[in-house]
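**Student:** Sequence and predicted structure below; questions after.
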Amino acid sequence: MGIYVVDVEAAEWANGEVYGPLGAALDGELARRGLGTFTPAAAAPEPAPDTGGGRGAGPHARAAPGPGGLLGRFGRRNRPGRPAGPEGLPDRFEEKVNRPYDGLEALCRAQPAAWRCEEALLDWDVLVPVDFHGVIELPVSAELGGDGARVRSAHRTAEAGRRLAAVLGLPDSVPRDGGNLALTGCFHDLDGERAAAAHGAGPWLDDLDAAYFTALYLGAAEHALRRGRAIAYC
């Protein structure tokens with residue numbers, strides 16, 4: 001239970017009880033601004049079973065990447081049974097919001113143009129991989145029973161997240177888009193001593209909550225841009 005940051009599947013965005021009307025309203029506003037419309041990319045097909053006989057499991061049946069290379073350097077991994085995308089990175093995004101926001105808010109306020117940092121990271125209901133500035137306010141909610149939605153560009157959130165990651169010296173080994181709950185699991189019961197031993201020292205150890213949310217929102221925005229899907233809370 002709890003609140004999660006997730007990507008929204010194309011079918012749910014097009015036809016879902018909540019996202020269907022929201023997507024239609026967003027398309028109208030994007031078109032009014034001359035930005036076209038937003039059509040999410042479909043998820044990668046589930047891997048086909050290997051029936052033996054020396055034949056492979058099909059073009060989408062990728063094994064989970066090992067610890068070497070770029071994926072290992074960034075601490076990314078796939079959960080068993082989850083399809084990988086074209087680059088071998090996880091096709092879906094899901095992380096838990098289970099920490100205090102105070103540290104991230106204070107970190108944003110300490111940056112130049114603090115209000116832009118806070119808005120890009122914290123003042124949204126939905127992120128979309130469409131390049132625009134400011135916020136799009138819709139009369140359609142992103143959740144059942146809500147009264148509206150604030151939509152922002154994943155480009156702006158990624159920019160703000162990268163700036164904070166640089167300020168914190170966030171290690172590459174902290175997973176940002178490592179598969180379902182990879183970041184949540186990485187930070188579970190993590191304290192400063194174990195964090196330093198696992199990922200190295202740096203300013204990020206001064207506030208693990210701020211580091212967690214920086215990695216979470218940066219990873220979510222980069223996932224949206226990489227996969228062409230919306231990000232929302234659920």
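**Tutor:** Right, received. Where do you want to start? Residues are numbered from 1 along each chain as shown.
**Student:** Which residues are in contact with residue 93?
**Tutor:** Counting by CB atoms under 8 Å, 6 or more residues apart in numbering, residue 93 touches 5, 6, 7, 177, 180, 219, 220, 223, 227, 231. C-betas here are computed from N, CA, C, even on glycine.
**Student:** ditto for residue 228
**Tutor:** 40, 41, 129.
**Student:** For it, give its distance to residue 128.
**Tutor:** In this view, residue 228 and residue 128 are 9 Å apart by CB to CB, to the nearest Å.
**Student:** do the same with residue 162
**Tutor:** Using CB to CB, one gets 18 Å for the distance from residue 162 to residue 128.
**Student:** ok, now residue 183?
**Tutor:** Residue 183 is 21 Å from residue 128, by CB to CB.
**Student:** the helices in the chain, which residues?
**Tutor:** When assigned using DSSP state H, the helices of the chain occupy the ranges 10-15, 19-32, 69-73, 102-109, 114-122, 154-168, 182-187, 192-199, 208-227.
**Student:** ok, residue 119 - contacts?
**Tutor:** By CB under 8 Å, 6+ apart, the contact set of residue 119 is 135, 152.
**Student:** hmm, 10 Å instead?
**Tutor:** Applying CB atoms under 10 Å, 6 or more residues apart in numbering to residue 119 gives the contacts 108, 113, 134, 135, 150, 152, 156, 157, 160.
**Student:** Number of residues surrounding the residue lying closest to residue 214 once chain neighbours are set aside?
**Tutor:** Leaving aside its sequence neighbours, residue 214 sits nearest to residue 164 (CB to CB, 6 or more residues apart in numbering; 4.6 Å). Residue 164 has 25 neighbouring residues, counting by other CB atoms under 10 Å.
**Student:** joint contacts of residue 228 and residue 128?
**Tutor:** Shared contacts of residue 228 and residue 128, counting by CB under 10 Å, 6+ apart, come down to 38, 40, 154.
**Student:** sorry, back to before: OK, contacts around the residue nearest to residue 214?
**Tutor:** Here residue 164 is in contact with 104, 107-108, 110-111, 117, 120-121, 170, 204, 210-211, 213-215, 217-218 (CB under 10 Å, 6+ apart).
**Student:** How about residue 124?
**Tutor:** Contacts of residue 124 by CB under 10 Å, 6+ apart are 135-136, 142, 149-154, 156-157, 217, 231-233.
**Student:** let's see 6 Å
**Tutor:** Applying CB atoms under 6 Å, 6 or more residues apart in numbering, we find residue 124 in contact with 150, 152.
**Student:** pLDDT wise, what is it at?
**Tutor:** Looking at residue 124, its pLDDT stands at 98.
**Student:** separation between it and residue 5?
**Tutor:** Applying CB to CB, the value for residue 124 to residue 5 is 11 Å.
**Student:** Same check on residue 137?
**Tutor:** From residue 137 to residue 5 the distance is 20 Å (CB to CB).
**Student:** higher neighbour count, the two?
**Tutor:** More neighbours surround residue 5 than the other of residue 137 and residue 5, with 21 against 11 (other CB under 10 Å).
**Student:** If anything else comes up later, I'll come back, but that's it for now.
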